[in-house]
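S.K.: Below: sequence and its predicted model.
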Amino acid sequence: ETGVTQSPTHLIKTRGQQVTLRCSSQSGHNTVSWYQQALGQGPQFIFQYYREEENGRGNFPPRFSGLQFPNYSSELNVNALELDDSALYLCASSGPTGNSKYFGPGTRLTVT
Amino acid sequence: GENVEQHPSTLSVQEGDSAVIKCTYSDSASNYFPWYKQELGKRPQLIIDIRSNVGEKKDQRIAVTLNKTAKHFSLHITETQPEDSAVYFCAASGINTGGFKTIFGAGTRLFVKA
């Protein structure tokens, strides 16, 4: 298993609420990216952070936002939750090229 | 927009046979092509990757080929074993005017029958 960890493991929220998911990157990795994986589908790229700056973003609305901290850990924040936000949220860490990503175990978010 | 198409969606092979999964990408800025294996309830695991300046890469029973002109890349698994059964995802990554981006295919569910 990789050194990437995520918390919490599971989360249940109500539509309209806000959620924060957390990720600790593998030692030596300064790049973190976040993905949404709906059941039976491939991961969808949300955004990527390199040295605390967002350096890439997928087709997700602004209510999906993030942070990266000086120790390279990261947060994903989702505001105004919608039912379709129910999914597995994965983070992945990598070196500065953004390649060779190592995924965390994911957070399963259910929005009711 | 950018897209990665992956085929087939399901693949069933007999143990010992070869399996081939194909992907096509649309973004010319893509320069890194990883493949991930995801077992049920587990995280995706990087199994092999290739960069755009290389046409082929092999790691034991797994190989990847890349045709930049046609924007095709493929995963080849030889001598398949039951433990190869999983969902496999291709992805294409690169930097364009919008910044870094990575796009995954929809996945191929591989069944290896003993």
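M.R.: That came through, no problem.
S.K.: List the buried residues in stretch B:18-28.
M.R.: B:19-25, B:27 (16 or more other C-beta atoms under 10 Å in any protein chain shown). (Each C-beta comes from the backbone N, C-alpha and C, glycine too.)
S.K.: Just the residues contacting it, thanks.
M.R.: B:2-8, B:11, B:13, B:33, B:70-80, B:84, B:88, B:90, B:92, B:94, B:96, B:101, B:103, B:105, B:108, B:110, B:112 (C-beta atoms under 8 Å, 6 or more residues apart in numbering or on different chains).
S.K.: between the buried residues of stretch B:18-28, which is closest to residue A:43?
M.R.: residue B:23 (14.3 Å; C-beta to C-beta).
S.K.: after the helix or strand hosting that closest one comes which helix or strand?
M.R.: Counting by DSSP states H and E, the element that carries residue B:23 is strand B:19-25. Per DSSP H and E, the first helix or strand lying C-terminal to strand B:19-25 is strand B:30-38.
S.K.: Against which helices or strands is that following strand packed?
M.R.: If you count contacts as 3 or more C-beta pairs under 8 Å, 6 or more residues apart in numbering or on different chains; DSSP states H and E, strand B:30-38 packs onto strand B:45-51, strand B:62-67, strand B:86-96.
S.K.: Would you tell me which of those gets closest to residue A:41?
M.R.: Residue A:41 lies closest to strand B:86-96 among these, at 9.7 Å (C-beta to C-beta).
S.K.: Give me the sheet partners of that closest one and which way each runs.
M.R.: Strand B:86-96 pairs in its sheet with strand B:30-38 (antiparallel), strand B:99-104 (antiparallel), strand B:108-113 (antiparallel), by DSSP bridges.
S.K.: Distance to residue B:59 and mean neighbour count for these - can I get that in TSV?
M.R.: Output for the strands paired with strand B:86-96, formatted as TSV (distance: least, C-beta to C-beta, whole Å; neighbours: other C-beta atoms under 10 Å in any protein chain shown):
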stretch	distance to residue B:59	mean neighbour count
strand B:30-38	10	22
strand B:99-104	20	22
strand B:108-113	17	17
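S.K.: any idea which of those scores lowest on pLDDT?
M.R.: Taking the mean pLDDT of each of these, the lowest value is held by strand B:99-104, a mean of 91.
S.K.: Contacts for that strand next, please.
M.R.: The contact list for strand B:99-104 (C-beta under 8 Å, 6+ apart) reads A:33, A:35, A:42-45, A:48, A:50, A:54-58, A:98, A:101, B:2-4, B:25, B:27, B:30, B:36, B:89-95.
S.K.: what's the answer for stretch B:38-54, then?
M.R.: By C-beta under 8 Å, 6+ apart, stretch B:38-54 touches A:2, A:43, A:90, A:99-106, B:30-37, B:56-57, B:59, B:62-66, B:68, B:73, B:75, B:86-89, B:107.
S.K.: of the residues you listed, buried ones?
M.R.: Buried subset of the contacts of stretch B:38-54 (neighbour count, 16+ other C-beta under 10 Å): A:2, A:43, A:90, A:99, A:101-106, B:30-37, B:62-66, B:68, B:73, B:75, B:86-89, B:107.
S.K.: Poorly predicted segments of the chain, please.
M.R.: You didn't say which chain, so I picked chain A. A:1-2, A:98 (pLDDT under 70).
S.K.: looking at chain B here, not the other one
M.R.: In chain B (pLDDT under 70), the answer is B:1.
S.K.: Thank you, goodbye.
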